[in-house]
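Trainee: fold the following for me, if possible:
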Amino acid sequence: MKFAVLVFPGSNCDIDCYKAVEDTIGQEVDYVWHTATDLSAYDAILVPGGFSYGDYLRCGAMASYAPVMNEVVKAAEQGKFILGICNGFQILTEANLLPGALIRNTGLKFRCQQQMLEVVNNGTAFTNQYSQGEMIDIPIAHGEGNYYCDDATLAELKANNQIVFRYAGDTNPNGSVENIAGISNKKGNVVGMMPHPERAIDQILGSEDGKRMFTSILNAWREQHGAAING
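Mentor: Residues are numbered from 1 along each chain as shown. Model prediction:
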């Protein structure tokens, strides 16, 4: 399996994503610059966190018009696995690959902390190694992580089981509607989330609960190719 980690001016979690793939599942992984015009060699695309283009205009707005995003749209249509983390989630909403928007945290403060999440949908390519309803410890680091959508979109997310993660209990750190921490598209091959699983791959970092996101992706790919993951 081959992964692409996109790099925009201002990305700062690209190395974390690269190392998570390399150290957790040992698959091929490349950094791919925002000017790239061909992603056909890749099975999964990671859109990392950071401050693409300095968060000018809106978080993720300028990055959504980068040449590589045309290829991300094509990859999504082809059913390839796409994961947007933090600023990557913002980019995917700006590119209309995911519904809704990310706005300023309530309280207007940047929040950087360990955060408990509930796995709401373990049937995606990104969550198949978790248990339904499982509580996992994944750090957050964002100032614009408040997920917002209108009532009709929220009803559609619920009806299609597109809510993948929620902030657990009453611990919502940013004011997101219905405690939403991560969502998918209708097909389930595109997921965006504000918390950082790539920063939770070893206990020395405070949690290793993020490892199973990467083993889930590999498992889903192997199942597609007739060879389920062992161990």
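Trainee: CA atoms for contacts and neighbours, from now on please.
Mentor: Noted.
Trainee: quick one: the helices in the chain, in order.
Mentor: 14-24, 67-77, 87-94, 151-159, 211-224 (DSSP state H).
Trainee: okay, the angle between the shortest one and helix 67-77?
Mentor: Yep, that's helix 87-94 we're talking about. On the basis of axes from the mean of the first three to the mean of the last three Cα atoms, to 10 degrees, helix 87-94 is oriented at 80 degrees to helix 67-77.
Trainee: now swap in the longest one and tell me
Mentor: On the basis of the same axes, to 10 degrees, helix 211-224 is oriented at 60 degrees to helix 67-77.
Trainee: what is helix 211-224 packed up against?
Mentor: Judged by 3 or more Cα pairs under 8 Å, 6 or more residues apart in numbering; DSSP states H and E, helix 211-224 is in contact with helix 14-24.
Trainee: how far off centre is the helix it packs on?
Mentor: On the basis of Cα atoms, centre = their mean, to the nearest Å, helix 14-24 sits 14 Å off its chain's mean C-alpha point.
Trainee: repeat that for stretch 10-26.
Mentor: 13 Å.
Trainee: what is the mean pLDDT for that stretch?
Mentor: Averaged across stretch 10-26, the pLDDT comes to 96.
Trainee: picking that back up, could the helices of the chain go into CSV alongside distance to residue 114?
Mentor: Below are the helices of the chain laid out as CSV (distance: least, Cα to Cα, whole Å):
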stretch, distance to residue 114
helix 14-24, 17
helix 67-77, 30
helix 87-94, 18
helix 151-159, 26
helix 211-224, 15
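Trainee: any idea which of these is most buried?
Mentor: Highest mean neighbour count among the helices of the chain (mean count of other Cα atoms under 10 Å): helix 87-94, with a mean of 28.
Trainee: show me how far that one is from its chain's centre.
Mentor: Worked out by Cα atoms, centre = their mean, helix 87-94 lies 9 Å from the chain centre.
Trainee: same deal with stretch 53-71?
Mentor: When distances are taken as Cα atoms, centre = their mean, stretch 53-71 is centred 16 Å away from the chain's centroid.
Trainee: hey, where'd the strands end up in the protein?
Mentor: 2-7, 28-33, 44-47, 81-85, 101-103, 111-119, 135-142, 146-148, 163-167, 180-184, 190-193 (DSSP state E).
Trainee: residues making contact with the fifth one?
Mentor: The reference is to strand 101-103. Strand 101-103 is contacted by residues 90, 93-94, 144-149 when judged by Cα atoms under 8 Å, 6 or more residues apart in numbering.
Trainee: and for stretch 117-127?
Mentor: In contact with stretch 117-127 (Cα under 8 Å, 6+ apart) are residues 81, 128-138, 161-168, 181, 188-189, 191, 212-214, 216-217, 219-220.
Trainee: so what's residue 146 up against?
Mentor: Contacts of residue 146 (Cα under 8 Å, 6+ apart): 102-106, 174-177.
Trainee: tell me which two of those sit farthest apart.
Mentor: 104 and 177 (12.6 Å; Cα to Cα).
Trainee: ok, residue 68 to residue 192 distance?
Mentor: Relative to residue 192, residue 68 is positioned 17 Å away (Cα to Cα, to the nearest Å).
Trainee: ugh, wrong one, I meant residue 60
Mentor: 13 Å.
Trainee: quick check: neighbours shared by these two?
Mentor: With Cα under 8 Å, 6+ apart as the test, residue 60 and residue 192 both reach 88, 90, 92.
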